[in-house]
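[1] sequence plus the predicted model coming up.
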Amino acid sequence: MAHFVIMGCGRVGATLAHTLEDAGHSVAIIDQDDRAFRRLRQGFTGRKVTGVGFDRDTLQQAGVAEAYAFAAVSSGDNSNILATRVARETFHVPHVVARIYDPGRAEIYQRLGIPTVAAVRWSADQVLRRILPEQHLAGDFREPSGRLVLAEVDLDAGWIGHRISEVEKAADIRVAYLTRFGEGMLPETGTSYQDGDTVHAMLPVDRSSQVAQILAKAPAKEL
């Protein structure tokens, strides 16, 4: 069980809170308007914190210092980005994501190293894929037999600057494409992994845990 902090108790925020609680995790949800908590179902056992999501005291009340992940899904782009940066840079939350409404800002946010999702119908699912590792197994695509899945894979920062071909060899996967600065790109022979990249790879479902363990570590140094 892990602790998750959500900023914004709109439809997406409430959906995230319920999904995470159903998965057995502890949840704290922040909103400036305590009336927003009415969207939460009866029996919701998570923490409800009224306050500004990028305020340090508010975040501390929500238990952000112990959080595995932080998701900012309020209605304001600036607030979401600011709160996400505070969570990551001040409280060192390992997994953060911000929902945005202006896709034109995506490149700026990606350069800051902040994963973002667009304000689309399936944004709750996109957020979960970035903060809940097991959600990656759902993948973007499964071939008919169900043996292979196209999924996002997380890489240790030690992979930055290494070629994608090295990643493929180490984990025995095939990288289908990268998301860089909010846009998809096909990796070429000399393409290297950069800070802020999202890697989408095809891999066997039954090796997903092994792949995650391999890529969660920095690559071995050559002697």
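    On my side now, so go ahead.
[2] C-alpha only now, for contacts and for neighbours.
    Noted.
[3] how does the protein divide up, domain by domain?
    For the chain, the domain assignment from the TED database gives the residue ranges 3-125, 138-216.
[4] so which of these is the most packed in?
    domain 3-125 (a mean of 19; mean count of other CA atoms under 10 Å).
[5] average model confidence for it?
    The average pLDDT within domain 3-125 is 88.
[6] for stretch 183-203, same thing?
    So the average pLDDT for stretch 183-203 ends up being 89.
[7] quick one on the thing from earlier: could you dump the domains of the chain into a markdown table with distance to Ile131 added?
    Shown next, in a markdown table, are the domains of the chain (distance: least, CA to CA, whole Å):
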| stretch | distance to Ile131 |
| --- | --- |
| domain 3-125 | 6 |
| domain 138-216 | 11 |
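[8] what distance do you get for the nearest residue to Gly184 once chain neighbours are set aside to His3?
    Leaving aside its sequence neighbours, Gly184 sits nearest to Leu178 (CA to CA, 6 or more residues apart in numbering; 5.6 Å). Using CA to CA, to the nearest Å, we find Leu178 at a distance of 29 Å from His3.
[9] test my guess that Gly8 contacts Gly76.
    No. Here Gly8 lies out of contact with Gly76, judged by CA atoms under 8 Å, at a distance of 9.4 Å.
[10] which residues in the chain form helices?
    11-22, 56-61, 77-85, 106-111, 123-131, 164-171, 208-215 (DSSP state H).
[11] wait, which of the ones you listed is closest to Val117?
    helix 123-131 (6.4 Å; CA to CA).
[12] what sits up against stretch 83-98?
    53-56, 59, 64-73, 80-81, 114-117, 127, 130-131 (CA atoms under 8 Å, 6 or more residues apart in numbering).
[13] so how far is it from its chain's centroid?
    11 Å (CA atoms, centre = their mean, to the nearest Å).
[14] now do the end-to-end distance for it.
    Using CA to CA, the two ends of stretch 83-98 sit 9 Å apart.
[15] check stretch 192-203 too.
    Terminal-residue distance, stretch 192-203 (CA to CA): 20 Å.
[16] next one: stretch 70-78
    16 Å.
[17] mean confidence for stretch 158-165?
    93.
[18] from the chain's centroid, how far away is that stretch?
    For stretch 158-165, the distance to the chain centre is 20 Å (CA atoms, centre = their mean).
[19] with only the CA atoms kept, save it in CSV.
    Included here for stretch 158-165 are C-alpha records, laid out as CSV according to Å, rounded to 0.1, in the frame of the first residue of the first chain:
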residue,chain,number,x,y,z
GLY,A,158,21.0,6.9,-15.0
TRP,A,159,19.8,6.0,-18.5
ILE,A,160,19.8,9.6,-19.6
GLY,A,161,22.2,10.0,-22.5
HIS,A,162,22.2,6.3,-23.3
ARG,A,163,21.0,5.0,-26.7
ILE,A,164,17.6,3.5,-27.0
SER,A,165,19.2,0.5,-28.5
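[20] residues contacting it, please?
    Contacts for stretch 158-165 (CA under 8 Å, 6+ apart): 167, 175, 187, 189-195, 217-219.
[21] picking that back up, return the subset of the contacts of stretch 83-98 lying in strands.
    Ala69, Phe70, Ala71, Ala72, Thr116, Val117 (DSSP state E).
[22] which of those sit farthest apart?
    So for the ones in strands among the contacts of stretch 83-98, where distance means CA to CA, the most widely separated pair is Ala69 and Val117, at 15.0 Å.
[23] if we can go back for a sec, who does the residue nearest to Gly184 bridge with?
    Met185, Val199 (DSSP bridges).
[24] no further queries at this time; thank you.
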